[in-house]
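Trainee: Let's see this in three dimensions:
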Amino acid sequence: MAQIYNFSAGPAVLPAPVIRQVQSELVSYKNSGMSIMEISHRSSLYTDMEAEAEENLRKLMRIPNDYDVLFLQGGGTLQFAMVPLNLAQKNKQTGFVDSGHWAQRAIEEARLVPGVKADIIASSAAVNYTALPDVPELRQQYDYVHLTLNNTIEGTMYRDLPNVLHGQTLVGDMSSNIMAQRYNVEDFGLIYAGAQKNIGPAGMTLIIVKHDLVEGGTELPAMLSYAKQAAKHSALNTPPVFAIYVAGLVFKWLLEQGGVEEMQKRNEKKSAYLYDFLDSSSLFSSPVKKSSRSVTNIPFVTGNAELDQHFVAAAQENGLVNLKGHRSVGGMRASLYNAFPYEGVQKLVEFMERFEQSVGGNK
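Mentor: Modelled structure (predicted):
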């Protein structure tokens, strides 16, 4: 089979050793005679596996003991409503940094929760989300302020948190750069991330929440309550066993590779290689302001929509797949998550050079 490099924004590439281990254990997990997809979530086979996954995640992200770790379902999108239901308790006042599509979705969903007010405290809509917005000094204390750390569609990323948010309860959507960039968990009251980009297959969502934020809160339906989920170790109902199992293997692989610092170093190297080419190209360009650029999701364009389509089709024929940009912005996008190899970026740049030469390099 020809080598394929998968640039998908999600579901995304998984580490090859993890795929091989899943394959080898799929029929009989730990010699039980049962597939991981068949074992009971009440059995020690599951509880031991889940406990090891949490332990390794805590090591990777340096999660303090006063934070609960939850492996839930519903995707990151469910968290847009679940966060205000649980955290918008005192004043029902929440603040949002509008930095792109997924931040907008979070705002829309929060406003559907009865009584909750969602203020946009900063926005980069005026520049079509090609840069991160400047966050002004805040004049009030919010129940929480929501920040999308990496904008998968627009290709922008916070390397450092805005200083003006210090003292606020910060909620971070890390769906597309969790464990790809080092952040201090203690700077956040809650972190959430859909699994299907840097953690594992779709079907599981990771929540890291400070315990005292949700303890003794408003009574909520069990499946929507962080406190009730934490009390039952994310097993109020049958959890996403297979997704948690694969995530656990990914966590172990990340530790073996050197952890988050090593992943950040590799991601910066991969992204720099592609950005350097884009900045020197006479055909391709990055629409994102340099200081705001993501290291995991890199949109680029030729400036000609028809030529963009031609490039995506030609790249696919050469084993460089899923480069089509999000439908809302067009162009192309290369997602370079933790498991994506440096060699794949080299192959992409080599192909882009050939393509540029073939069309004469005119935008």
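Trainee: hey, let's count contacts and neighbours off CA atoms from now on
Mentor: Will do.
Trainee: All the helices of the stretch 51-200 of the chain, residue numbers only.
Mentor: Listed in chain order, the helices of the stretch 51-200 of the chain (DSSP state H, counting those that start in this stretch) span residues 75-87, 101-110.
Trainee: Please identify the deepest-packed of these.
Mentor: Ranked by mean neighbour count, the helices of the stretch 51-200 of the chain are led by helix 75-87 with a mean of 21 (mean count of other Cα atoms under 10 Å).
Trainee: model confidence over that one, on average?
Mentor: For helix 75-87, the mean pLDDT works out to 96.
Trainee: Same check on stretch 215-235?
Mentor: 90.
Trainee: buried stuff in that stretch?
Mentor: When neighbours are counted by 16 or more other Cα atoms under 10 Å, the buried residues of stretch 215-235 are found to be 217, 223-230, 233-235.
Trainee: Check stretch 7-26 too.
Mentor: 7-10, 12-15, 18, 22, 26.
Trainee: for the stretch 1-150 of the chain, which spans come out with low pLDDT?
Mentor: Low-confidence regions of the stretch 1-150 of the chain, defined here as pLDDT under 70, cover residues 1.
Trainee: Strands of that one, start to end?
Mentor: With DSSP state E, counting those that start in this stretch as the criterion, the stretch 1-150 of the chain has strands at 5-6, 67-72, 93-98, 117-123, 144-148, 150-151.
Trainee: Could you look over the ones you listed and pick the most buried one?
Mentor: Between the strands of the stretch 1-150 of the chain, the one whose residues have the most neighbours on average, counting mean count of other Cα under 10 Å, is strand 150-151 (a mean of 28).
Trainee: helices or strands next to that strand in the packing?
Mentor: Using 3 or more Cα pairs under 8 Å, 6 or more residues apart in numbering; DSSP states H and E, the elements in contact with strand 150-151 are strand 156-157.
Trainee: longest helix anywhere in this structure?
Mentor: For the chain, the helix that runs over the most residues, judged by DSSP state H, is helix 259-280.
Trainee: what's the following helix or strand after that helix?
Mentor: Sequence order places strand 297-300 as the next helix or strand after helix 259-280, per DSSP states H and E.
Trainee: in its sheet, what does that following strand sit against?
Mentor: Looking at strand 297-300 with DSSP bridges, its partner strands are strand 332-335 (antiparallel).
Trainee: next structured bit after the partner strand?
Mentor: Sequence-wise, the next helix or strand beyond strand 332-335 is helix 342-359, with elements assigned using DSSP H and E.
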